[in-house]
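Engineer: Sharing a model prediction with you, sequence too.
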Amino acid sequence: MVTDGRAAAIREQSRDWPSVDLGPRQLCDLELLLNGGYSPLEGYMGSADHDPVCDTSHLANGVLWPLPLTLDVSKETAESLSPGGHLALRDGEGVMLAALKVDEVWRPDRAAGARALFGTDDVSHPGVQQHLHRTREFAVAGRVEGIQLPVHYDYRELRLTPRELRRKFSRLGWRKVIAFQTHRTVHRAQLAMMTEAAGEAGANLLLHPVVGLDQPGDADHYTRVRCYQELMPHFASFVARLNLCPIAPRGGGPREAVLQAIVHKNYGCTHLLVDFDGSGSVLENPGAPTYSDDEARELMARHADELGVEWIPAREMVYLEDRRRFVTPEDVPGDGRVLRLTAEEVRRRLDDGREIPDWYTFPLVARELQRRHPVRGSQGFTVFFTGLSGSGKSTIANALRVKLLEVGGRGVTLLDGDLVRLNLSSELGFSKAHRDLNIRRIGFVASEITRAGGVAICAPIAPYDVVRREVREMVAPCGGFVLVHVATPLEVCEARDRKGMYAKARAGIIKEFTGISDPYEVPADADVMIDTSNMTPTEATREVLFFLERQGYIAAPDGE
């Protein structure tokens, strides 16, 4: 952070500089650069540091750093920059936060980086998907001068910087501090785990939840922070504090654990306890790729001398009914009755409106979750149809809209592919980039409709799996998401072609036509699959309605 005088000079000079508006993930990285959470880094990495970080988890100067920190920019921005120049870094409202002195404009090898960091190039891994498909091609390296930190209007008293928190610990006389980092809701089992870890280490506790970016399936951070605040009075006096960590999770597994250890050392912590096993989650994403506690422990041990932070593995805690307390599984007597409740079971209770047991969580925490997660019959939801042109998507979508309006209780909006092209994306062409942008626009509108408690019915072709997953991630935190694959075979779709589009594609008149000259990626995660070559539109619509009824989004009509 620069002085007021230097800040005024930078603002004056920046009138002639190129600038970039940072996205949410980039703002998290910039905040930790400016507040010292990413110390010893003073800016964004160039090629000289990127490759050794990917290969050895060390910067070129030998300092431990496990994940690349790069500033990705568009091709147009990259072409406007040259070494020795400057780039103004702004938030989404155009407020200048920092100035970057350009050392290098370069193109990272994203695929090699993904394999090194995540051990896979499978795009079902959210970190890989972000790294390969949501990161721009070019990167800018250089030192950053901060004018002001990103502005937060929420929970300001809980957003102490590393320096402020270290001073707080010093005033309190806290010499050993265990950081418990989680992006999940915390319940009685996690409270017992934290309390036991603090007692064994003779340390105080910093509950340091991630609020940089909400993860798919998680409760939003406002709900989680209210839950954390309800939890704090249940700690013994003067044992624990709550502070918010503006880090953006990357899904980097063990390497990310090392990054978290570095960040928390900068925040004044001596120990790190990470909730890896998911037992604290209420709305986690089932089946998402995960890493084990053992992998993180092994990597932390390898770098223990460089880190200076002690790793405390998360321990499973189970509820022993006759003793009315949580214990580790090895402490359960032979005749002891253990109560367990998985995250999926908690989710179902929230969906159905059933109570969450008092032994599992605190009543006020349960209340906050119920406020955030109404029963399914009251939630908004999106039905997203995907399939080839001519598969019957629009016909079924129109019929579904009518049937849901008959059911009543929610507003219903149809976002058909052709209608969206006419009214929302008229300036877009049919290149892959433009088609992807069109689907993202549909997803954004659908998420807002869902958030408001309505029903969005979407019927684009949506041929690419990565973009469909992005839409699911946009909508899922807002309510329900149902993916319907209209799997009508190509030959049937082509035979139905009233507009002659397939014929023009085969003649080479239409380029990049899905199913002919451009691929359609069959979804592996479809909730409903329909083949309209052997069923009527009414029958196909009924299949979707049956699924919605079984999932509790709508009630079955009387007499059915």
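Structural biologist: The structure has been received and is ready for your questions.
Engineer: Which strand runs longest in the chain?
Structural biologist: If you go by DSSP state E, the chain has its longest strand at strand 96-106.
Engineer: For it, buried residues please.
Structural biologist: By 16 or more other C-beta atoms under 10 Å, the buried positions in strand 96-106 come out as 96-100, 102-106. Backbone N, C-alpha and C define where each C-beta goes, glycine included.
Engineer: what does it rub up against?
Structural biologist: Here strand 96-106 makes contact (C-beta atoms under 8 Å, 6 or more residues apart in numbering) with 10-11, 14, 17, 19, 22, 30, 34, 43-44, 46-47, 71, 78, 81-91, 138-150.
Engineer: what's the following helix or strand past that strand packed up against?
Structural biologist: Downstream of strand 96-106, the first helix or strand assigned by DSSP states H and E is helix 110-118. On a contact count with 3 or more C-beta pairs under 8 Å, 6 or more residues apart in numbering; DSSP states H and E, helix 110-118 meets helix 47-56, helix 126-133.
Engineer: Alpha carbons of helix 110-118, as PDB, please.
Structural biologist: This file holds the C-alpha atoms of helix 110-118, laid out as PDB (Å, rounded to 0.1, in the frame of the first residue of the first chain):
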ATOM      1  CA  ARG A 110      -2.500 -23.700 -19.000                       C
ATOM      2  CA  ALA A 111      -2.700 -27.400 -19.700                       C
ATOM      3  CA  ALA A 112       0.700 -28.200 -18.200                       C
ATOM      4  CA  GLY A 113      -0.100 -26.000 -15.200                       C
ATOM      5  CA  ALA A 114      -3.400 -27.900 -14.600                       C
ATOM      6  CA  ARG A 115      -1.700 -31.300 -14.700                       C
ATOM      7  CA  ALA A 116       1.000 -30.100 -12.300                       C
ATOM      8  CA  LEU A 117      -1.300 -28.500  -9.900                       C
ATOM      9  CA  PHE A 118      -4.300 -30.800  -9.800                       C
END
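Engineer: Name the residues of that helix that are buried.
Structural biologist: 110, 113-114, 116-118.
Engineer: Let me know the closest of these to Arg224.
Structural biologist: Here the nearest of these to Arg224, counting by C-beta to C-beta, is Phe118; it sits at 25.3 Å.
Engineer: any residues touching stretch 488-496, and which ones?
Structural biologist: For stretch 488-496, the surrounding residues in contact (C-beta under 8 Å, 6+ apart) are 387-392, 502, 515, 530-533.
Engineer: for stretch 223-235, that is, sorry about that
Structural biologist: 154-155, 158, 183-186, 191, 195, 205, 207, 209, 211, 218-219, 240, 242, 244, 362, 364-365, 368-369, 371-372.
Engineer: Give me the subset of those lying in strands.
Structural biologist: Among the contacts of stretch 223-235, the members falling in strands (DSSP E) are 205, 207, 240, 242.
Engineer: neighbour-wise, which of the residues you listed leads?
Structural biologist: Leu205 (25 neighbours; other C-beta atoms under 10 Å).
Engineer: Can you name the residues that contact it?
Structural biologist: Residues in contact with Leu205 (C-beta under 8 Å, 6+ apart) are 177-178, 180, 194-195, 198, 235, 239-241.
Engineer: Could you measure from Asp109 over to Pro68?
Structural biologist: From Asp109 over to Pro68 the distance is 11 Å, taken as C-beta to C-beta, to the nearest Å.
Engineer: more neighbours, those two?
Structural biologist: For Asp109 and Pro68, the more surrounded residue by other C-beta under 10 Å is Pro68, and the numbers stand at 19 against 13.
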